[in-house]
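Chemist: Okay, structure incoming, though there's no sequence with it:
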């Protein structure tokens with residue numbers, strides 16, 4: 001690192017010591033060892049300079065985000081500056097990675113070519129494009145990683161179609177409104193402040209993007225301890241388990257859907273998805289499905305209808321056959337295509353999960369939400385392959401029909417367990433007993449002492465822990 005970069009970094013009190021080192025290196029590359037970065041160092045004739053971006057930002061940045069970043073660094077319109085200093089360069093990183101809601105709001109306004117103040121409304125279309133550029137850059141970034149969880153999914157056929165990445169950005173932006181499906185023309189500072197504080201997915205993706213762009217991805221950007229942390233993707237992209245022997249898995253969702261869903265399930269389940277059932281692999285059999293998904297813990301049911309709509313539900317407790325509803329208020333329903341939306345539990349009733357088969361007095365099938373004959377999701381047991389989605393459902397807040405038509409044919413259906421497989425009481429007891437042993441067996445020095453004293457050290461040999469009767 002040159003002396004100029006060191007001096008500039010030392011002057012920026014916003015950065016920790018390690019961050020000063022990493023950001024100064026990036027600044028030096030972009031500024032060609034001077035104390036200023038010029039716009040032409042980042043943008044050439046209105047187009048990205050792939051060679052320069054390859055050097056310090058990486059070629060996977062979305063072109064719109066690159067333009068937004070230069071708007072923040074140099075300004076726009078008549079107030080555009082010819083260059084920016086290290087402090088401005090560092091502010092872009094700090095405000096995005098650990099800034100307050102007001103600081104992040106200021107970044108969004110400036111990046112979109114507007115001055116931030118409490119009375120200025122932000123056009124919704126600009127906000128949507130900003131969110132799309134973050135989502136696009138994040139997906140490009142994880143796809144380009146030489147290793148990682150995204151690569152594992154991609155190798156199994158899970159892609160990242162541009163339309164779905166765009167839908168992910170739209171879903172993030174739409175949550176600025178109290179009803180994501182009601183179009184708005186603009187949003188005020190109060191709306192944006194509340195949205196920035198509550199939207200965890202945007203925050204996680206923005207953190208990951210800027211930590212990557214500024215070359216700090218080997219350290220914890222939120223801590224002053226600088227302990228090494230994992231790649232920024234794990235909490236957004238889970239580890240897939242159970243697809244190892246399936247080279248041609250018939251995937252009908254993609255990375256954008258996985259990121260969206262994984263962000264909404266409880267954090268304790270976000271690290272791992274365990275493949276349980278696919279109608280394409282295991283056949284269109286309700287009996288086979290019920291046999292494979294029972295007692296597996298929390299899970300995601302994902303359905304594609306014959307019109308291309310993709311939707312499903314999060315079941316927070318294990319599926320089981322029986323006459324009663326099970327589950328709790330962590331349950332939610334979702335759509336993935338043509339839009340990404342989530343409908344949380346309303347607490348109006350507890351009709352979260354029902355599954356039954358081979359009964360004469362109760363419906364045979366799988367139900368999530370609503371009531372018999374009017375379920376939010378109904379999968380028929382016999383014949384398998386038919387389903388329905390009601391026009392209204394009081395079990396989930398803000399609910400709208402999930403499928404294109406009220407009655408549909410199932411094109412694809414799969415179930416993924418999320419998190420670690422639960423250990424039930426019998427297994428837990430067996431594991432505990434197998435690890436126990438006699439106190440004297442594990443304390444050889446005590447046994448030797450008793451032997452010297454002439455005591456019988458074998459009196460406890462017959463009292464070993466055994467498994468309880470089955």
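Modeler: Right, received. Where do you want to start? Everything numeric here is computed off the predicted structure, so don't read it as measured data.

Chemist: pLDDT below threshold where in this protein?
Modeler: Along the chain, segments meeting pLDDT under 70 span 1-13, 40-59, 146, 217-235, 424-470.

Chemist: ok now the helix or strand hosting residue 72, how far from the chain's centre?
Modeler: Here residue 72, judged by DSSP states H and E, is contained in helix 63-74. Here helix 63-74 shows a centroid-to-chain-centroid distance of 26 Å under the convention Cα atoms, centre = their mean, to the nearest Å.

Chemist: Run through who's touching it.
Modeler: 37, 39, 42-43, 48, 53, 57, 80-84, 88-89, 92, 107, 110-113, 129-130, 132-134, 136-137, 209 (Cβ atoms under 8 Å, 6 or more residues apart in numbering). Placement of C-beta: from N, CA and C, glycine included.

Chemist: please redo it, this time with the cut-off set to 7 Å
Modeler: 37, 39, 42-43, 48, 80-81, 84, 88-89, 92, 107, 110-113, 129-130, 133-134, 137 (Cβ atoms under 7 Å, 6 or more residues apart in numbering).

Chemist: Filter those down to the buried ones.
Modeler: 37, 39, 42-43, 48, 84, 88-89, 92, 107, 110-113, 129-130, 133-134, 137 (16 or more other Cβ atoms under 10 Å).

Chemist: hang on, the earlier thing: after the helix holding residue 72, next one along is what?
Modeler: strand 83-84.

Chemist: Neighbouring strands - and their directions - for that next one?
Modeler: The pairing partners recorded for strand 83-84 under DSSP bridges are strand 37-38 (antiparallel).

Chemist: what does the partner strand contact?
Modeler: 27, 30, 31, 73, 82, 83, 84, 89.

Chemist: could you say what helices and strands the longest strand seen in the chain packs with?
Modeler: Counting by DSSP state E, the longest strand found in the chain is strand 407-418. Applying 3 or more Cβ pairs under 7 Å, 6 or more residues apart in numbering; DSSP states H and E, one finds that strand 407-418 contacts strand 272-278, helix 279-282, strand 299-305, strand 386-388.

Chemist: List the pairing partners of it within its sheet, with orientation.
Modeler: strand 272-278 (antiparallel), strand 299-305 (antiparallel), strand 386-388 (antiparallel).

Chemist: most neighbours per residue, which of the helices and strands packed on strand 407-418?
Modeler: Using mean count of other Cβ atoms under 10 Å, the stretch among those with the largest mean neighbour count is strand 299-305, at a mean of 24.

Chemist: what distance separates it from the centre of its chain?
Modeler: Mean-position distance between strand 299-305 and its chain equals 17 Å (Cα atoms, centre = their mean).

Chemist: Give the next helix or strand downstream of that strand.
Modeler: Following strand 299-305 in sequence, per DSSP H and E, is strand 310-315.

Chemist: Quick check: can you name the pairing partners of that next one and their directions?
Modeler: strand 299-305 (antiparallel), strand 332-337 (antiparallel).

Chemist: Make a markdown table from these and add distance to residue 157 to it.
Modeler: Shown next, in a markdown table, are the strands paired with strand 310-315 (distance: least, Cβ to Cβ, whole Å):
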| stretch | distance to residue 157 |
| --- | --- |
| strand 299-305 | 14 |
| strand 332-337 | 16 |
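
Chemist: Please name whichever of those is nearest to residue 160.
Modeler: strand 332-337 (13.2 Å; Cβ to Cβ).

Chemist: contact partners of the closest one?
Modeler: 253, 257, 261, 264, 308-314, 341-345, 368-369, 376-377, 396, 399, 402.

Chemist: Please parse this structure into its domains.
Modeler: Following automatic domain parsing, the chain resolves into domains at 3-213, 266-418, 437-470.

Chemist: Residues in contact with the helix or strand hosting residue 141: which ones?
Modeler: Counting by DSSP H and E, the element that carries residue 141 is helix 124-144. Contact with helix 124-144 is made by 58, 60-62, 64-65, 68, 108, 111-112, 148, 150, 154, 160, 165-166, 168-170, 172-173, 176, 184-187, 202, 205-206, 208-209, 212, 233, 237, 255-256, as judged by Cβ under 7 Å, 6+ apart.

Chemist: same thing with stretch 307-322?
Modeler: Applying Cβ under 7 Å, 6+ apart, the contact partners of stretch 307-322 are 252-253, 265, 290, 293-304, 326-328, 330-338, 353, 355-357, 368, 377, 402-405, 408, 422.

Chemist: same deal with stretch 244-253?
Modeler: Contacts for stretch 244-253 (Cβ under 7 Å, 6+ apart): 156, 157, 158, 243, 278, 280, 281, 302, 304, 310, 336, 412.

Chemist: same check, this time on stretch 254-261
Modeler: The contact list for stretch 254-261, computed with Cβ under 7 Å, 6+ apart, reads 139, 150, 153, 158-161, 164-165, 167-168, 171, 236-237, 300, 334, 336, 340.

Chemist: Only the buried members of these: can you turn that into a PyMOL selection?
Modeler: When burial is assessed using 16+ other Cβ under 10 Å, the buried subset of those is captured in PyMOL by this command:
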select buried, resi 139+150+153+158+160+164+165+167+168+171+236+237+300+334+336+340
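
Chemist: I figured residue 202 hits residue 174, correct?
Modeler: No: when contacts are counted by Cβ atoms under 7 Å, residue 202 is not listed as touching residue 174 (11.7 Å).

Chemist: Spit out the contact partners of residue 391.
Modeler: By Cβ under 7 Å, 6+ apart, the neighbours of residue 391 are 401, 406.

Chemist: Quick check: which element contains it?
Modeler: Judged by DSSP H and E, residue 391 forms part of no helix or strand.

Chemist: So what does residue 294 look like in phi/psi?
Modeler: phi -70, psi 150 (degrees, to the nearest 10).

Chemist: Check the gap between residue 280 and residue 210 for me.
Modeler: 39 Å (Cβ to Cβ, to the nearest Å).

Chemist: Same question for the longest strand of the chain: list its buried residues.
Modeler: 408, 410, 411, 412, 413, 414, 415, 416, 417, 418.

Chemist: Identify the residues contacting it?
Modeler: So strand 407-418 is contacted by 252, 265, 269, 273-280, 293, 296-307, 385-388 (Cβ under 7 Å, 6+ apart).

Chemist: and what of stretch 348-356?
Modeler: Counting by Cβ under 7 Å, 6+ apart, 290, 315, 317, 319-323, 325-328, 331, 362-364, 366-371, 394-395 sit against stretch 348-356.

Chemist: quick one, what contacts residue 405?
Modeler: For residue 405, the contacting residues are residue 307, by Cβ under 7 Å, 6+ apart.
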